[in-house]
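Trainee: coords below, sequence missing:
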């Protein structure tokens, strides 16, 4: 990938990560398990959802910082940028769409209908629902932008190492 395109992709990915980090952090700072369970009686659902959201926030913040450090360097390091973009896809996008505790999942049948493709295992409180559906748009865009890094980047690395 040409350096200019790679740098632009790194900048846009960083901006998108920031757009997801802010609402995730606000939600996690303002909501605790006892508060969410008090409204509903599904403690295991909320414990898993909060755990997955915390992991997603950490992965996103680490990737945001890595991309920021790369973009601030006087000489743009293409190899490090490609590795960082692969990590954004591998850790952030996959952490969102395949959460460990499966509090929600993506139902591909709804992806092209204009409806929300995210389906929850249990009915969440409005704030949790709005958060997940809101950041889903950001991670969908990242998935589309970084689809190359799902497999092609690893193949390229393996070929170069031989």
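Mentor: Nice, I can see it. These numbers were taken from a predicted model, which means no experiment stands behind them.
Trainee: in whichever helix in the chain runs longest, what counts as buried?
Mentor: For the chain, the longest helix by residue count, based on DSSP state H, is helix 43-72. By neighbour count, with 16 or more other CB atoms under 10 Å as the criterion, the buried positions of helix 43-72 are 45-46, 48-50, 52-53, 55-57, 59-64, 66-67, 70. In short, each C-beta sits where N, CA and C put it, glycine included.
Trainee: ranges for the helices of this structure?
Mentor: In the chain, the helices defined using DSSP H lie at 3-30, 33-39, 43-72, 78-87, 94-97, 126-145, 148-161.
Trainee: I'd like the ones you listed written out as a markdown table, with distance to residue 118 added.
Mentor: Below are the helices of the chain laid out as a markdown table (distance: least, CB to CB, whole Å):
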| stretch | distance to residue 118 |
| --- | --- |
| helix 3-30 | 14 |
| helix 33-39 | 18 |
| helix 43-72 | 12 |
| helix 78-87 | 23 |
| helix 94-97 | 9 |
| helix 126-145 | 5 |
| helix 148-161 | 20 |
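Trainee: and of those, who's closest to residue 104?
Mentor: Of all those, the one in closest proximity to residue 104, counting by CB to CB, is helix 126-145 (5.9 Å).
Trainee: List the buried residues of that closest one.
Mentor: Neighbour counts over helix 126-145 (16+ other CB under 10 Å) mark 128, 131, 132, 135, 136, 138, 139, 140, 141, 142, 143, 145 as buried.
Trainee: Quick check, the first one in contact with residue 28.
Mentor: No - in this structure, residue 128 is not within contact of residue 28 by CB atoms under 8 Å, at 10.5 Å.
Trainee: Report how many residues lie close to residue 8.
Mentor: Residue 8: 11 surrounding residues under other CB atoms under 10 Å.
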